[in-house]
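S.K.: Below are the sequence and a predicted model; questions follow.
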Amino acid sequence: MSVLELHDLHVTYRTDGGSVPAVRGVNLSLDTGDTVGLAGESGCGKSTIAGAVLRLLPKGTEVSGKVLLDGEDVYAMKPGRLRAVRWTSAAIVFQGALHSLNPVRRVGLQIEEAILLHSQQSARSARIRVGELLEKVGLPAGQAERYPHQLSGGQRQRVLIALALACEPKLLIADEPTTALDVMVQAQVLRLLEELQREHGLSLLFITHDLSVLTHTCERLAVMYAGRIVEEGPSTQVFADPQHPYSRALAAAFPTIGDPASRMNPQGLAGDPPDPSALPAGCPFHLRCAVAAPECSSLDVALRPAGAGRSAACVHVGATDV
Amino acid sequence: MSEASPAAADVVVSLTNVQVQFGGGSVRAVDTVSLDVGRGEVVALVGESGCGKTTLIRAIIGLEPLAHGSIAVEGSTVGGGRRLRALRRRVQMIFQDPSGALNPRHSIYEAVAEGLRIHKVKGHEPTLVAEALAAAGLRPPDRYLRRFPHELSGGQRQRVIIAAAMALQPALLLADEPVASLDASIRGEILALMRSFVDSRGVSIIAVTHDLGLAWNIADRVAVMYLGRIVEVGPTEEVLRSPKHPYTQALLSVVPEIEGMAQQILVGETPDPSRIPSGCRFHPRCPVVASGEADRLGFGDRCRGVDLELEPEVAAHRVACHAVAR
Amino acid sequence: MSERIPEAEATSPVIGSVPRSGRAVAWDRRRASAAGVWRGLRNDRLAMVGLVVLVLFALLAFAAPWLSDESSLSAANTGDNPIWAPPSWEFLFGTDHLGHSVAAQFLWGSRISLFVGLMATLLQIGIGSLIGLTAGFFGGWVDSVLMRLTDWFLVVPFLPLAIVLAAVLERGLWTIILVIGITSWPSTARLLRAQVLTVRQRLYVDRARSLGAGRLHLMRRHILPNVTPLILASTTLAVPISILTETTLSFLGLGDPTSTSWGGMLNSAKDNSAISGGRWWAYMPPGLGIVFVVLAVTLFGRALEEILDPRLRQR
């Protein structure tokens, strides 16, 4: 059974300047134990999806389509049920570890609070659980007595992961959890997430702009552009042999060290990431596309099959030549 | 350029035993660094945050005072006063966060013209500005001149900053994480632009980064820094393909793009320059020491007790490691 | 120019049209930003109400010599007037205990109140800006010394200091201005110092320094332009406070005895028991005048502050 299902999800922000379609028809499903990476640049709608799953978007934002958590429609839930579901069914680890923690409370108390809020445990057993959780994410239990500012960036990110795991959710959404961290600490946090995922059979939705991080951590990969998924498939295949020209550019952006092809040859994509409030007609990517065909300026292609378990939204996919 | 250290005659910047301290000497952010960069050479300075790489290039451009050592640009030592201003023109800098590096109240024209005015560069200012923008890939320049930073995308802002720096015809361009805050698809374009200035104008670049892929993309040489000191330096292909220092090896092993390399994730936090360990400063995190291999081979005590610098300048690829020096 | 273009760009696409001069570009920008501020004010209804009220009072004050004879304020010329006459066609706002026309006093008083308010504000902003900018820009011991001085002025209770100063110094219009000026600058100094410190830490200041900019350039091109809007905004917000202070001092009898201000009128109304005697026309005009002017300046100043202060601007 699917832990998370998105059916034709549309999210439109309301701003002073008019409405901004951030997500434009996304279908995605995660089974128990699935790890799916959602990749794309700023403004492609990937973080909006994280917010949409737990109804954390700003008031007035228009959401249509369906978000099913464990088969239950999130947008049909009553407030009480929604509060229960947040954290116990699905939890989010955000990127800004400093801002997600209350600066004037000890981190142990913050985790304890989450446990007490969502379960019938006694304060005593909750405190024991806090110690267990901290050790699980690789921190000494004594760190519970610390305040957020006394911890390093990596330690704070670990606390946030512990906090997310506090109520044993089935689904963990990680929104750029390693972006602000140093390379070595980033590797530590990634390894931790991988271990936890395996150990607990968690479903993991991993959101980042860095395709190469995802190939390591996730089995499946979905590449987003301008509010839509433009390519989906097993991550190693998508990374090694992208079908959509945009995924190709993203995969090439981070060079393979030792690969003579990329030596002294940085690969980029002309033009700028699209402005969601002013998308071009036709395929939203065609202005930056190296292989755009004449029909691309008018034809907006939906995802189409591109090999076993793969799909891509490009006119060249499935055609005879590419 | 990538085979040997540059010939002394064509050294653009020469650092000799440079030390930068903070907090009245309690923090040695840069601790005895020597490095020469040749004309038209691109050197990538890599390491974790707190390793002193950004402080080092800020010192080169005079934003941080030196505690010890000296810096010479094109043969003349960086001193105070007017000479400093003349030297400043030869050394320019681009920044990690292009949005913050542009004054929000100044138009693109003014951002580029600022350096020209400071140095009283001769010529028709609007033409110079337009040329600089066009050379940085903002074409036609007329479309950008009267706009403001907030009206441009991140990549375009970085191009404006590069245009302003290159308008002064510098010999050396310092780049502080030039693509770290940009979107993935923009990254390659900016790196290609930087490399194109090396090839067309012979500018030298020191690029500070934590991104080894950047080094692979544009650098002739790589210098790896750890806690204020260069621990390995050499031609990019040698350092990245056959790293000798355990720290470089660990850094490379966590880059997800490298296939078939066992991940060697160092434990512990990013090192703190206010508490530099005795002996080899890397020894508390060093896998060679931790595994007991250093002791087995009989140099473990030296790792823990003897501080060391880079090997003497014989080969292009040099390391500061007891295991290698043995 | 061609010798400056290196080979690689010799074949680059046309540079396109180029502006005449850098000054023309800067001029365009300034005009556009002034237009932007005006547009912002136009869209703020309360600010426009404030501005209109303010302009009306300013016109009234300016036109006082044509609307009323100054000699009507001196006791020698009013001996025939009835005292405490209620408002009538002859005396629009009635007369006071000496038979002076309240309307005439109100007119002439507005000149004094507005003038003192404006001059005291300029003095206060001048001292505050100078000290704040110097402290923020130079830092180090200069900063420490100036900030200790500022702190000292800040903690000394304002009214007693003002009263002492007003009592010690020769009484007159300029004394009032001086007293208000030197007692109220510290908050301006603190505000500006903080702003200078934040601007100095901006990355674009680092960039300017790395381009080779000296202190003078940084001050002129980056710090002052970023601080000026704040100075303007705090000026407009200081005006009502200065006017109220002048009123307070005059009401306490510390004002200039030779000229009539709104505060002075209130003082005299109080002293001659106009309030207990139900002679509302003696105190309502100056009272309402103060309320309206202060409100108008505040409304306008708030809007201006919102438009000019980068910290309040949303972008």
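M.R.: Ah, there it is.

S.K.: Show me where the stretch 1-150 of chain C dips below the pLDDT cut-off.
M.R.: Low-confidence segments of the stretch 1-150 of chain C, defined by pLDDT under 70, span residues C:1-14, C:72-79.

S.K.: In it, which residue sits nearest chain A?
M.R.: Closest approach between the stretch 1-150 of chain C and chain A, counting by Cβ to the nearest Cβ: C:Asn43, at 12.5 Å. Quick note: C-beta positions are derived from backbone N, CA and C, even for glycine.

S.K.: again, but for the stretch 1-150 of chain B
M.R.: B:Glu48 (4.6 Å).

S.K.: And for that residue, the neighbour number?
M.R.: Counted by other Cβ atoms under 10 Å in any protein chain shown, the residues lying close to B:Glu48 total 21.

S.K.: Next: the one 4 residues further on.
M.R.: Neighbours of B:Gly52 under the rule other Cβ under 10 Å: 28.

S.K.: Tell me who's in contact with it.
M.R.: B:Gly52 makes contact with B:Val20, B:Ala29, B:Val30, B:Asp31, B:Val33, B:Met225, B:Leu227, B:Gly228, B:Arg229, B:Pro273 under the criterion Cβ atoms under 8 Å, 6 or more residues apart in numbering or on different chains.

S.K.: which secondary structure elements does the helix or strand hosting the third one contact?
M.R.: Here B:Val30 is covered by strand B:27-38, with elements defined by DSSP states H and E. Contacts defined by 3 or more Cβ pairs under 8 Å, 6 or more residues apart in numbering or on different chains; DSSP states H and E place strand B:27-38 against strand B:11-22, helix B:53-60, strand B:68-73, strand B:204-209, strand B:229-235.

S.K.: Which strands and helices lie in contact with the third one?
M.R.: Right, the one you point to is strand B:68-73. Contact partners of strand B:68-73 among helices and strands, from 3+ Cβ pairs under 8 Å, 6+ apart: strand B:11-22, strand B:27-38, helix B:53-60.

S.K.: Please work out which of the ones you listed is packed deepest.
M.R.: The highest mean neighbour count among the helices and strands packed on strand B:68-73 belongs to helix B:53-60 (a mean of 24), with neighbours defined as mean count of other Cβ atoms under 10 Å in any protein chain shown.

S.K.: Show me what that one packs onto, helices and strands only.
M.R.: Using 3+ Cβ pairs under 8 Å, 6+ apart, helix B:53-60 sits against strand B:11-22, strand B:27-38, strand B:42-46, strand B:68-73, strand B:172-176, strand B:204-209.

S.K.: And the ones you listed: which comes nearest B:Val289?
M.R.: Between B:Val289 and the helices and strands packed on helix B:53-60, the shortest separation by Cβ to Cβ is 20.2 Å, and it involves strand B:27-38.

S.K.: Show me what that closest one is in contact with.
M.R.: Counting contacts by Cβ under 8 Å, 6+ apart, the residues outside strand B:27-38 that touch it are B:1, B:5-8, B:10-22, B:43, B:52, B:55-56, B:59, B:68-69, B:172, B:204, B:206, B:223, B:225, B:227-230, B:233, B:273-274, B:276, B:309-310.

S.K.: follow-up on the earlier one: I'd like the helices and strands packed on strand B:68-73 written out as JSON lines, with mean pLDDT added.
M.R.: Formatted as JSON lines, the helices and strands packed on strand B:68-73 follow (pLDDT from 0 to 100):
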{"stretch": "strand B:11-22", "mean pLDDT": "93"}
{"stretch": "strand B:27-38", "mean pLDDT": "92"}
{"stretch": "helix B:53-60", "mean pLDDT": "92"}
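
S.K.: re earlier: would you mind saying which of the helices and strands packed on strand B:27-38 lies nearest C:Leu203?
M.R.: Comparison of those against C:Leu203 by Cβ to Cβ identifies helix B:53-60 as nearest, at 11.8 Å.

S.K.: that older thread, let me see the contact set for the residue of the stretch 1-150 of chain B closest to chain A.
M.R.: Applying Cβ under 8 Å, 6+ apart, the residues contacting B:Glu48 are A:Asp182, A:Val183, A:Met184, B:His210, B:Tyr226, B:Thr270, B:Pro271.

S.K.: one more time with 10 Å, if that's ok
M.R.: Contacts here follow Cβ atoms under 10 Å, 6 or more residues apart in numbering or on different chains; on that basis B:Glu48 touches A:181-185, B:210, B:225-227, B:247, B:251, B:266, B:269-271.

S.K.: Also C:Asn226?
M.R.: If you count contacts by Cβ under 10 Å, 6+ apart, C:Asn226 has them with B:Asn103, B:Pro104, B:Arg105, C:Gln195, C:Val196, C:Thr198, C:Val199, C:Arg200, C:Arg202, C:Tyr204, C:Val205, C:Pro310.

S.K.: And chain C, is stretch B:209-226 touching that?
M.R.: No - using Cβ under 10 Å from any Cβ of the partner chain, stretch B:209-226 stays clear of chain C, coming no nearer than 16.6 Å.

S.K.: so what does the longest helix along chain C touch, helix or strand wise?
M.R.: Determined from DSSP state H, the single longest helix within chain C is helix C:102-138. Packed against helix C:102-138 by the contact rule (3 or more Cβ pairs under 10 Å, 6 or more residues apart in numbering or on different chains; DSSP states H and E) you find helix C:45-67, helix C:140-155, helix C:173-184, helix C:186-200, helix C:224-251, helix C:262-271, helix C:280-308.
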